[in-house]
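*Asks:* Mind looking at a prediction? Sequence and model below.
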Amino acid sequence: MDKNRELQELLGLHWHEYMWKDDDTIPGGGLFECGCGHKTHFQWSFKINPDYASDPRLVLREIEKKGNLGRFILWIWCDSGMVVYNEKWTELGILGILVLVIKLIAIDTTGKLRDLAIRWLKE
C-alpha cells in the first residue's frame, strides 16, 4: 500500500480515488466520482491526496488536529535514542528535540516523518 495512503487512513481521513461512471443523462456521457461523493467531469478538478513525504508539515498538522502533537514529538525524541532518562530536562535535551524535529520537518523530504507517524499510530 502507498505509504501516504496508509497514513491518511490511519488518521481516519479519506483517500480520494476517482472512477468513471457512465451516465447518459449527463452531457459527455458520464462523470468521475470519488467514494467521498465528490463528482466532476474533469480530471484536473480531482481532490488532491496529500503527499506527506514531500511536505512533512502536513503530518504535524493532521496529528495536531487529533490533539496528539506533543505526545507524538515526545515519542519521536524517545524513539530516536537522543533521550537520556533523568529526572529533569536540560537545555541540551530541549535543543536536541528541536534540532531533531527541525531536521524532520524542514530538511527531510524522503518521508521519514510520515513513516514515524505510521509507526506511532500503529502502536
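*Replies:* Good, I have the coordinates.

*Asks:* for the chain, what spans make up the helices?
*Replies:* 3-10, 57-65, 69-79, 91-102, 112-122 (DSSP state H).

*Asks:* Can you pull the domain assignment for the chain?
*Replies:* 3-45, 57-122 (automatic domain parsing).

*Asks:* Span of the shortest one from start to end?
*Replies:* It stands for domain 3-45. Start-to-end span of domain 3-45 (CA to CA, to the nearest Å) is 23 Å.

*Asks:* Next up, the contacts around the most centrally placed residue in the chain.
*Replies:* Central residue of the chain (CA atoms, centre = their mean): Val59, 3.8 Å from the mean position. Residues in contact with Val59, defined by CB atoms under 8 Å, 6 or more residues apart in numbering, are 7, 52, 113-114, 117. Heads up, the C-betas are built off the backbone N, CA and C, glycines and all.

*Asks:* if we can go back for a sec, between the helices of the chain, which has the poorest mean confidence score?
*Replies:* Note on the helices of the chain: helix 91-102 shows the lowest mean pLDDT, a mean of 69.

*Asks:* Do I have it right that Tyr18 meets Cys36?
*Replies:* No. Applying CB atoms under 8 Å, one finds Tyr18 not in contact with Cys36, separated by 9.9 Å.

*Asks:* the more surrounded of those two?
*Replies:* Per other CB atoms under 10 Å, whichever of Tyr18 and Cys36 has more neighbours is Tyr18, with 18 against 13.

*Asks:* And for that one, nearest residue in space, chain neighbours not counted?
*Replies:* Closest residue to Tyr18 apart from its sequence neighbours, by CB to CB, 6 or more residues apart in numbering: Phe32 at 4.3 Å.

*Asks:* Count the residues that sit near the one you found.
*Replies:* Look at Phe32: counted by other CB under 10 Å, it has 16 neighbours.

*Asks:* That one touches Thr40, doesn't it?
*Replies:* Yes. Counting by CB under 8 Å, Phe32 touches Thr40, with 5.3 Å between them.
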